[in-house]
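Visitor: Got a predicted structure here, sequence first:
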Amino acid sequence: ALKKLTAYYEGAEINESMLLEMPQQQFHRLASLTLNGYDGTINQQNVTEAAWSLEGVQVVLAAFKNAKGEPQQKKNWSLSDKNLNTAIRYLNQHPDYNSFDRLHFITVLLDPLNNSWIDLHNSLGLPWQNHKQALRLNVKGLFTSKAWNLPFFSIYYADTLYTARQAQLGKLLFFDPILSGNGQRSCASCHKPDNFFAEAAVTSVHFDGMRQLERNAPSLLNVSLQQSFFHDGRASQLEQQAFDVVHNQNEMAGNLDQAAKKLAESKDYRELFSASFPKDRGITVYQIQKVLAEYQRSLLSLNSPFDKYLNGDKAALDQREKNGYNLFAGKALCGSCHFFPLFNGTVPPLYTDSEFEVIGTPAVKNGKDLSADPGRYKITHLDMHQNSFKTPTLRNVEHTAPYMHNGVFSQLEEVVEFYHKGGGKGTGIDISHQTLPFDSLQLSPTDKEDIVLFLKSLTD
């Protein structure tokens, strides 16, 4: 495999800017995946492997030692070298997977290393790579909200001229039942703002107002920082998601062609659409999809106590909440699917893919029968996707009950206990292809309490 990779990359050209930016991608990966539990869940060598990774970064740094030799460049190089050595030494001195203090390492060692790396890059006078990527590597602070390159997650990467107006118009439509077939249901009927834009009922109500749908509508907060939508991932863009929901006969039973005609009958809406799309004439289906998507992209929620702690406010979390995160990313294995710092299934540091997992969700609480919902299998028809669902966000999870695709659990404590026992298989459900470890996590009652406290620290 290595020989094939060598041949594959023989023709690749790597300039100095790229060479400096690649370690930064790795800093993000260490925090988001390696130390969060994604790598080495079996052999638990994550901490040691993180040290090896930074030793590789040392080789890159050495290549710039005598790049230009100006005082500020030397100073920034020396600081980066010092921060790198300090980080490696800490990793080597604290190799135990379960007791490793991830938050200390990320905030006290890794973040300053990234900042000094940015200073080095700038002092060398090298340009920053101007290509589409999820992270703004020239922004200090590994996990500040400004570090996210939000247009990356949109198909309209360069289209930012009227997006603020479009988002405001999308907000009006989100709450307006005019898009539904009977003029009585809006997007907010299922994605309830009071429930952090999630469904408060076990599952959402059918269009007929009498039956229940098979799934619980998930939160829309931070929905734009994903690459697939719906529990089964059947949509790859928010515009497609909006179209599917409006036209779904069980959900809104609407028609966007007809909705465009209805909207055109309103003087207010005509003026709002004209201001949002000044180069277009009339109201179109595309415009409705676009404004709904832009409103959802505006629903960012990245200012929780946990975020404040990451950005320097050490009083934002208490010891039990910090311990809860270290358990979440370590012994409890939660972080192997819910990736730091978004805590959804969009895979860092490139954020181009979404994870789907088979966890063995029961049909009813404490039941021994698997939920009959085939999940992603309905879309791909691949056996490996039978009963698999997209990993949802855990941000604001304290207020987005009930939980799982079918709303089977009403309390966070129940969810933690389900995972503690080993998911569906661990609780006696017959499922052969569960991707979740199915033996007990051996968590103490205090461990489980601390994990719940951490999860509540993700409330914005």
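Guide: Perfect, thanks for sending it.

Visitor: And the lengthiest helix in the chain, what does it pack against?
Guide: Secondary structure of the chain per DSSP state H: the longest helix is helix 71-93. Contacts defined by 3 or more C-beta pairs under 8 Å, 6 or more residues apart in numbering; DSSP states H and E place helix 71-93 against helix 46-62, helix 111-123. Every residue, glycine included, has its C-beta placed from N, CA and C.

Visitor: Dump those to TSV, plus mean pLDDT and distance to residue 440.
Guide: What follows is these, written out as TSV (pLDDT from 0 to 100; distance: least, C-beta to C-beta, whole Å):
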stretch	mean pLDDT	distance to residue 440
helix 46-62	96	21
helix 111-123	97	35
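
Visitor: Quick one: closest of those helices to residue 104.
Guide: helix 111-123 (10.9 Å; C-beta to C-beta).

Visitor: and after that closest one, which helix or strand comes next?
Guide: helix 163-174 (DSSP states H and E).

Visitor: any idea of the mean pLDDT in stretch 324-337?
Guide: In this model, stretch 324-337 carries a mean pLDDT of 94.

Visitor: how far does that stretch sit from the chain's center?
Guide: 16 Å (C-alpha atoms, centre = their mean, to the nearest Å).

Visitor: Same question for stretch 165-172.
Guide: Distance, centroid of stretch 165-172 to centroid of chain: 24 Å (C-alpha atoms, centre = their mean).

Visitor: Strands along the stretch 301-450 of the chain, start to end?
Guide: 356-357, 389-390 (DSSP state E, counting those that start in this stretch).

Visitor: neighbouring contacts of the first one?
Guide: Looking back up the chat, that one is strand 356-357. 233, 337, 345, 375-376, 385, 388-391, 435-436 (C-beta atoms under 8 Å, 6 or more residues apart in numbering).

Visitor: quick check, nearest of those to residue 402?
Guide: Nearest member of those to residue 402, counting by C-beta to C-beta, is residue 389, at 14.6 Å.

Visitor: okay but residue 118 is in contact with residue 141, surely?
Guide: No - applying C-beta atoms under 8 Å as the test, residue 118 and residue 141 come out as separate, 9.7 Å apart.

Visitor: okay, the two: which has more neighbours?
Guide: residue 118 (20 against 15; other C-beta atoms under 10 Å).

Visitor: Tell me the pLDDT of the residue nearest to residue 109 when sequence neighbours are not counted.
Guide: Using C-beta to C-beta, 6 or more residues apart in numbering and skipping residues adjacent in sequence, the residue nearest residue 109 is residue 87, 4.5 Å away. Note on residue 87: pLDDT of 98.

Visitor: And residue 12, by the same measure?
Guide: Residue 12 is given a pLDDT of 83.

Visitor: just to revisit the earlier point, can the contacts of strand 356-357 go into CSV with extra columns for distance to residue 297 and neighbour count?
Guide: Shown next, in CSV, are the contacts of strand 356-357 (distance: C-beta to C-beta, whole Å; neighbours: other C-beta atoms under 10 Å):
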residue, distance to residue 297, neighbour count
233, 18, 22
337, 24, 22
345, 19, 22
375, 26, 23
376, 24, 24
385, 28, 20
388, 26, 24
389, 23, 25
390, 18, 25
391, 20, 21
435, 30, 17
436, 31, 19
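
Visitor: how about TSV for these, with distance to residue 176 added?
Guide: Putting the contacts of strand 356-357 into TSV (distance: C-beta to C-beta, whole Å) gives the following:
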residue	distance to residue 176
233	28
337	36
345	31
375	32
376	32
385	36
388	35
389	30
390	28
391	32
435	40
436	40
